[in-house]
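Participant: coordinates for the following, if possible.
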Amino acid sequence: MRTDRFENKAAFDLLAQPEHQRLLYGALKAANVTRGHAHFDDCVTVAHLTWLSAYQNFEPDLPANLADFRKFAFRRIKWRTVDYLRKQTLRTNHQVPLDHAVDMSIVPMQAREQHWELTDLLTELLDQCKPGERIYLTEFFLEEQTVADIMRTHGVSRRTVYNWRASLLMKASELYQQNNH
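Facilitator: Below is the predicted model:
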């Protein structure tokens, strides 16, 4: 970087010349940015700043090497603009539209709240259960055993397991009604 070129006014005076304005807009056009482009104004700003950077970083003396500087500035502006547009595209692709953001933020919370409500309901239900109902609740719902497995494990009849289930469901229904009123 040339320390004698930190004067921004000289760089922008050089840019103000019509041939350099054409160079700047030509570099933008080479990067497929025209006046109708969504990021046109932003790209023009990036191009102006890139011109300043190119002016400060061009090693050979100016104005003796002005033709080489023009080529250098053109390439810098074009590729910095392409890089800027690539970053904007990536940023845009990773943004979530607001209509989808509602679902993302609320739905998982609703699922958690339902899980908490179910956990509370099951805890209260376990406190109110008789031993047979507790067996049915834990083994059928939580351990996913069949009625036949519960019968064999505890040495009871099928009718007994069905009775445990019926009384458990009645208690669960009553508890659910109490919690929702």
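Participant: please compute how far stretch 16-34 lies from its chain's middle.
Facilitator: 35 Å (CA atoms, centre = their mean, to the nearest Å).
Participant: now it: buried residues?
Facilitator: H20, L23, L24, Y25, A27, L28, A31, V33 (16 or more other CB atoms under 10 Å). For every residue, glycine as well, the C-beta is placed using N, CA and C.
Participant: what pLDDT does the nearest residue to R158 once chain neighbours are set aside get?
Facilitator: With CB to CB, 6 or more residues apart in numbering as the criterion, R158 has its nearest non-adjacent residue at 5.8 Å, and that residue is M151. pLDDT for M151: 91.
Participant: how about V96?
Facilitator: 62.
Participant: and what of R2?
Facilitator: Note on R2: pLDDT of 56.
Participant: coming back round to it: so what's the residue nearest to R158 up against?
Facilitator: Residues in contact with M151, defined by CB atoms under 8 Å, 6 or more residues apart in numbering, are S157, R158, T160, V161.
Participant: which of the residues you listed fall in strands?
Facilitator: Among these, DSSP state E puts none in strands.
Participant: need the buried ones from these selected in PyMOL.
Facilitator: Listed next is the PyMOL selection for buried residues among the contacts of M151, using 16+ other CB under 10 Å:
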select buried, resi 161
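Participant: looking at the contacts of M151, which are in helices?
Facilitator: Of the positions in the contacts of M151, R158, T160, V161 sit in helices, assigned by DSSP state H.
Participant: where does the first one sit relative to A54, distance-wise?
Facilitator: Translated: R158. According to CB to CB, to the nearest Å, R158 stands 87 Å off from A54.
Participant: where's D120 relative to D127, distance?
Facilitator: On the measure of CB to CB, D120 and D127 end up 11 Å apart.
Participant: which residues in the chain form strands?
Facilitator: Counting by DSSP E, the chain contains no strands.
Participant: neighbour count for D120 and D127, which is higher?
Facilitator: D120 (12 against 9; other CB atoms under 10 Å).
Participant: any idea of the pLDDT on the closest residue to L62 other than its chain neighbours?
Facilitator: Leaving aside its sequence neighbours, L62 sits nearest to F69 (CB to CB, 6+ apart; 6.0 Å). Confidence at F69, expressed as pLDDT, is 90.
Participant: and F69, how many residues sit next to it?
Facilitator: 21.
Participant: that one and I150, how far apart?
Facilitator: 87 Å.
Participant: and if you look at H39?
Facilitator: Applying CB to CB to H39 and I150 gives a distance of 67 Å.
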